[in-house]
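**Student:** sequence below, structure please.
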Amino acid sequence: MKNIAVGLATLPFLATGAVAAQPEPWQMRFQPAATGIMHEITWFEEYTLWFIVPITILVMALLAWCILRFRAKANPTPSRTSHNTLIEVIWTVGPVIVLLFLAVPSFQLLTAQYTPEEEPAFTIKATGVQWYWDYEYQLEEPVSFSSLMLKEDERADAGKEDKSVYPRLLAVDNEIVVPVDATVRVLVTASDVIHAFAMPAFGIKVDAVPGRINETWFKAEKEGLYYGQCSELCGKDHAYMPIAIRVVAQDQYDTWIAAAGEDLAGANKALMTAIEGKTKVASAGE
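**Tutor:** Model (predicted):
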């Protein structure tokens, strides 16, 4: 049943043909899940609603009944009953059973969030700085760069004028680039104050603490450009340090990483050109 629910949760993502995720105006639900962990989180949220909604309705109904039935005018002589064994057993055992139904899948999800399904293909170190991110690919030949929010007057030079793809306050000059269907370990820390590395579509949110390294991982299932933000109040420009992860095909990643160490700007532009060309070919095929 759980697998069916997780499968159903992915249908909107597949049916719309969306291959990226970002906040939408008046958004009330999660972003489309792009990793197995986020599918699990979406399923767990919907699962808990089957408990939260009936309990909320029951409590509201009991409150309304007590207000109407036992108000002073309708009940001038109040009952002096101080104990009711059956009721006390019900309101003790009932919550325990509910908590067990919530605890078991909750602990399973928590374990999965810290247990990669396979050995990570590579590791990226993300360092929060006031107010941008530094990234380091910990490879045999490390690749390091800073990622800052893209300013409006920089869009033309970066080739990122389309705000539907590169939204205001979320687009960055240099995205993290990872291959699709690859397990990526992320080491998270900070250089000054506490930040938080959060990517909603991937189901990850990890505090970046100075002097400490926290670890998370993800395995993106769909190519595209995904956006997150620092999710810890970190000072004046807290709202202006977005996170962008570009998920690409393995061959595109291999080409990009080979060139990024010497010419990051050139590697980014070549990657964008390759992606745009692939998109146009796919659109022509439809």
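
**Student:** what's the pLDDT at the most centrally placed residue in the chain?
**Tutor:** Note on the chain: the residue nearest the mean C-alpha position is residue 200, at 1.8 Å, using CA atoms, centre = their mean. In this model, residue 200 is scored at 94, pLDDT.

**Student:** once you drop chain neighbours, what's closest to residue 250?
**Tutor:** The shortest distance from residue 250 to any non-neighbouring residue, by CB to CB, 6 or more residues apart in numbering, is to residue 179 (4.5 Å). Placement of C-beta: from N, CA and C, glycine included.

**Student:** contacts only, for the residue nearest to the centre of the chain.
**Tutor:** For residue 200, the contact set (CB atoms under 8 Å, 6 or more residues apart in numbering) comprises 21, 30, 31, 38, 228.

**Student:** farthest pair within the residues you listed?
**Tutor:** 30 and 228 (12.7 Å; CB to CB).

**Student:** then stretch 230-237 to CSV, C-alphas only?
**Tutor:** Provided in CSV are the C-alpha atoms of stretch 230-237 (Å, rounded to 0.1, in the frame of the first residue of the first chain):
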residue,chain,number,x,y,z
CYS,A,230,19.5,28.9,3.1
SER,A,231,16.9,28.0,5.7
GLU,A,232,18.5,29.4,8.8
LEU,A,233,18.3,33.0,9.8
CYS,A,234,21.9,34.0,9.2
GLY,A,235,21.9,37.8,9.0
LYS,A,236,21.2,40.7,6.8
ASP,A,237,21.2,38.9,3.4
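
**Student:** now that stretch: buried residues?
**Tutor:** Buried residues in stretch 230-237, counted by 16 or more other CB atoms under 10 Å: 230, 231, 232, 234.

**Student:** likewise for stretch 160-175?
**Tutor:** 160, 166, 167, 170, 171, 172, 173, 174, 175.

**Student:** sorry, back to before: count of neighbours near the residue nearest to residue 250?
**Tutor:** Here the count is done by other CB atoms under 10 Å, and residue 179 has 20 residues near it.

**Student:** now for residue 31: which residues touch it?
**Tutor:** Per CB under 8 Å, 6+ apart, neighbours of residue 31: 21, 22, 23, 200, 201.

**Student:** helices along this structure, start to end?
**Tutor:** For the chain, helices defined by DSSP state H occupy the ranges 2-15, 36-69, 85-113, 155-158, 250-260, 264-285.

**Student:** can you get me the start-to-end distance on stretch 110-127?
**Tutor:** 24 Å (CA to CA, to the nearest Å).

**Student:** list the contacts of stretch 48-60.
**Tutor:** Against stretch 48-60 from outside (CB under 8 Å, 6+ apart): 98, 101, 102.

**Student:** could you rerun that using 6 Å?
**Tutor:** residue 98 (CB atoms under 6 Å, 6 or more residues apart in numbering).

**Student:** so how far is it off the chain centroid?
**Tutor:** 26 Å (CA atoms, centre = their mean, to the nearest Å).

**Student:** surely residue 256 and residue 177 touch.
**Tutor:** Yes: Residue 256 is within contact range of residue 177, at 5.2 Å (criterion: CB atoms under 6 Å).

**Student:** need the pLDDT of residue 87.
**Tutor:** So, for residue 87, pLDDT stands at 87.

**Student:** do you know how far it is from residue 62?
**Tutor:** Per CB to CB, to the nearest Å, residue 87 is found 11 Å from residue 62.

**Student:** over to residue 227?
**Tutor:** 43 Å.

**Student:** what's the answer for residue 219, then?
**Tutor:** To residue 62, residue 219 is 45 Å away according to CB to CB.

**Student:** what of residue 135?
**Tutor:** For residue 135 relative to residue 62 (CB to CB), the value is 53 Å.

**Student:** those two - which one has more neighbours?
**Tutor:** Taking neighbours as other CB under 10 Å, residue 135 and residue 62 compare with residue 135 leading, 19 against 10.

**Student:** and the more buried one, bridged to which residues?
**Tutor:** residue 126, residue 145 (DSSP bridges).
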